[in-house]
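Undergrad: Predicted model and sequence below, questions to follow.
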Amino acid sequence: MLKIDAPARACTVPRGRLPGQPLRLIVVEDDVPAAEALSAVVTDLGHTVCGVARNAAEAAELVGRERPDLALMDVRLGGDGIAAARRLNLDHGIRSIYLSGNSDHGTLARITETYPLGVVHKPFSHAQLKVVLDLAARRLR
């Protein structure tokens, strides 16, 4: 019989997140009305939008200043939101949930290579976004 002499420990939540705690995120979307609408939905779902970036450079600056939990990234941002998301992950350790109007094999393959927290296909409902955000929050615990 194997005996382990170790003190009992309470379960902990890594990365400083508490269960049920709202996410802090940035919206990276170059279409201003779409970014405003998305920010309103995210706020209605109980999360905090730390800021909106219209391009990869603004996203990097915002992440450095605000230290969000994740980025909601438009796939077509300035032609390549996937490259922008990869850069945020490599430089800042920030993972993304992609917003995509395209579900072609090539786009999905590139997204998959970046280990996303999720993908939401446009147009999407509040309920669909809620599920993806809830799953992301669990993964970030």
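TA: Thanks, I have the structure now. Numbering: from 1, shown residues only.
Undergrad: so where's this protein uncertain?
TA: Scanning the chain for pLDDT under 70 picks out 1-20.
Undergrad: What segments of it are helices?
TA: Along the chain, counting by DSSP state H, helices occupy 32-44, 56-66, 81-92, 105-112, 126-139.
Undergrad: Out of those, which is the most enclosed?
TA: Stretch with highest mean neighbour count among the helices of the chain: helix 81-92 (a mean of 19; mean count of other C-beta atoms under 10 Å). All C-beta spots, glycine's among them, are computed from the backbone N, C-alpha and C.
Undergrad: Export only the CA atoms of it, formatted as CSV.
TA: Taking Å, rounded to 0.1, in the frame of the first residue of the first chain, the C-alpha atoms of helix 81-92 are listed here in CSV:
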residue,chain,number,x,y,z
GLY,A,81,-6.8,38.9,-37.5
ILE,A,82,-5.3,35.5,-37.1
ALA,A,83,-1.8,36.9,-37.4
ALA,A,84,-2.8,39.6,-34.9
ALA,A,85,-4.1,37.0,-32.4
ARG,A,86,-0.9,34.9,-32.8
ARG,A,87,1.2,38.0,-32.0
LEU,A,88,-0.9,38.8,-28.9
ASN,A,89,-0.4,35.3,-27.7
LEU,A,90,3.3,35.2,-28.3
ASP,A,91,4.1,38.6,-27.0
HIS,A,92,1.6,38.9,-24.1
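Undergrad: what residues does that helix touch?
TA: 28, 55-56, 59-60, 63-64, 71, 73-75, 77-78, 94-96, 98, 107, 110-111, 114-116 (C-beta atoms under 8 Å, 6 or more residues apart in numbering).
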